[in-house]
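Can you look at this prediction? I've put the sequence above it.
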Amino acid sequence: MTYEATSKNGKRIRLTDERWAHITEEHSELAGMRSDVLETITSPDRIVLGNDDELLAIRTIELGKFLVVVYRELETDGFVITAFLTTRESSLKRRVQLWP
């Protein structure tokens, strides 16, 4: 099955079951947070540029803890690459902010 969210650029971003399984294998703390991942794409606190032109949607989960969803936008749609939780806000702030 494929789940979808709409990015701030109006692109449909896909999250497949295969990709979700890969994410939760690497980051087991995200199990049960698929809707949070999709919500982060739709309603991020901010979006920053990744190292290889991917986008990082960031949303605060709790004070000092952030959900980061890494995704790529193509011409007509896009896809989730990975997602993770972090407390390292300083590393996120060093990146080029694209939105807002």
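Right, received. Where do you want to start?

The residue nearest to Leu49 when sequence neighbours are not counted: how many residues sit nearby?
Leaving aside its sequence neighbours, Leu49 sits nearest to Val96 (C-beta to C-beta, 6 or more residues apart in numbering; 4.3 Å). C-beta coordinates here come from the backbone N, C-alpha and C atoms, glycine included. Neighbourhood size, Val96 [other C-beta atoms under 10 Å]: 8.

How about the backbone phi and psi for Val96?
phi -70, psi 120 (degrees, to the nearest 10).

isn't it right next to Gly50, touching?
No: between Val96 and Gly50 there is no contact under C-beta atoms under 8 Å: 9.5 Å.

And the helices in this structure?
Along the chain, counting by DSSP state H, helices occupy 17-26, 34-42, 89-93.

And the longest one, what's buried?
The reference is to helix 17-26. 19-20, 23-24 (16 or more other C-beta atoms under 10 Å).

which one of those residues sits closest to Met1?
Sorting the buried residues of helix 17-26 by how near they are to Met1, with C-beta to C-beta, puts Trp20 at the top with 9.2 Å.

separation between the most centrally placed residue in the chain and Gly78?
Nearest residue to the geometric centre of the chain (C-alpha atoms, centre = their mean): Val69, 1.4 Å. In this view, Val69 and Gly78 are 11 Å apart by C-beta to C-beta, to the nearest Å.

just to revisit the earlier point, format the helices of the chain as TSV; extra columns: distance to Thr6 and mean pLDDT.
Formatted as TSV, the helices of the chain follow (distance: least, C-beta to C-beta, whole Å; pLDDT from 0 to 100):
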stretch	distance to Thr6	mean pLDDT
helix 17-26	17	97
helix 34-42	6	98
helix 89-93	22	93
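
So which of these is nearest Thr82?
helix 17-26 (5.7 Å).

Between helix 34-42 and that closest one, find me the angle.
Taking axes from the mean of the first three to the mean of the last three C-alpha atoms, to 10 degrees, one finds helix 17-26 and helix 34-42 inclined to each other by 110 degrees.
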